[in-house]
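Student: What follows is a predicted structure for the sequence shown.
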Amino acid sequence: MSPVRPARLTTTHTGPVVVLLIGMRINRKWKVWQWLPVFRAFWAMIRELKTGAPANGFLGYEPLLGPGGVMMTVQYWRSVEDLHAYAQDPQRLHSKGWAEFTRRVGTGGDVGVFHESYLSRGGDWEAIYINMPPFGLGGTGDLRECEGRRERARGRMDAGAGDVESCPGE
């Protein structure tokens, strides 16, 4: 795990970013033979993505565990095209895993899967990390302490993509 950076930081990530929320929910815990293969395939895909990053467009992820047996990741992608290229490539684990899921589990209700995709054009976000290791979108690129207008959320949002003149070290 990366060390905590005791400071107020923001990301210098520029350009568009696709945020993908993807995960699974164990609906019937006793049916281990149904959900365990899905769980294993899910993390095998993450390992595969990390191996090809960043050339494949995968910028990074954060794992999350939610109530009711929901396990998910927040993933960051360079573009919608990169995300779709991975998901639809028959040589990659997602394509094979999806076919296996629909064959074995389908709509039987034992295991749920989901994804939500959000496209943000460059500069359509702001971020702050206080006393955190590199995390989330800030974990995909450089983090910088900021001054002036970048001190507040409105200023970070209004600053626009790539406009980092108020950050030291530029």
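Tutor: Great, that's in hand. Residues are numbered from 1 along each chain as shown.

Student: since we're on the residue lying closest to Leu83 once chain neighbours are set aside, how many residues are nearby?
Tutor: Take Leu83 and drop its neighbours on the chain: the residue closest to it by Cβ to Cβ, 6 or more residues apart in numbering is Trp77, 4.6 Å away. C-beta: built from backbone N, CA, C; applies to glycine. A count of neighbours around Trp77, defined by other Cβ atoms under 10 Å, yields 27.

Student: and Trp77, what does it touch?
Tutor: For Trp77, the contacting residues are Val17, Val18, Val19, Leu20, Gly57, Phe58, Leu59, Leu83, by Cβ atoms under 8 Å, 6 or more residues apart in numbering.

Student: Apart from its neighbours in sequence, what residue is nearest the third one?
Tutor: Translated: Val19. Spatial nearest neighbour of Val19, excluding adjacent residues (Cβ to Cβ, 6+ apart): Tyr118 at 4.5 Å.

Student: Enumerate every residue touching that neighbour.
Tutor: Applying Cβ under 8 Å, 6+ apart, the residues contacting Tyr118 are Val18, Val19, Leu20.

Student: Same check on Val19?
Tutor: Here Val19 is in contact with Val74, Gln75, Tyr76, Trp77, Ser117, Tyr118, Ser120, Leu137 (Cβ under 8 Å, 6+ apart).

Student: And it, what's its pLDDT?
Tutor: For Val19, the pLDDT comes out at 95.

Student: who's in contact with Met157?
Tutor: Applying Cβ under 8 Å, 6+ apart, the residues near Met157 are Trp125, Glu126.
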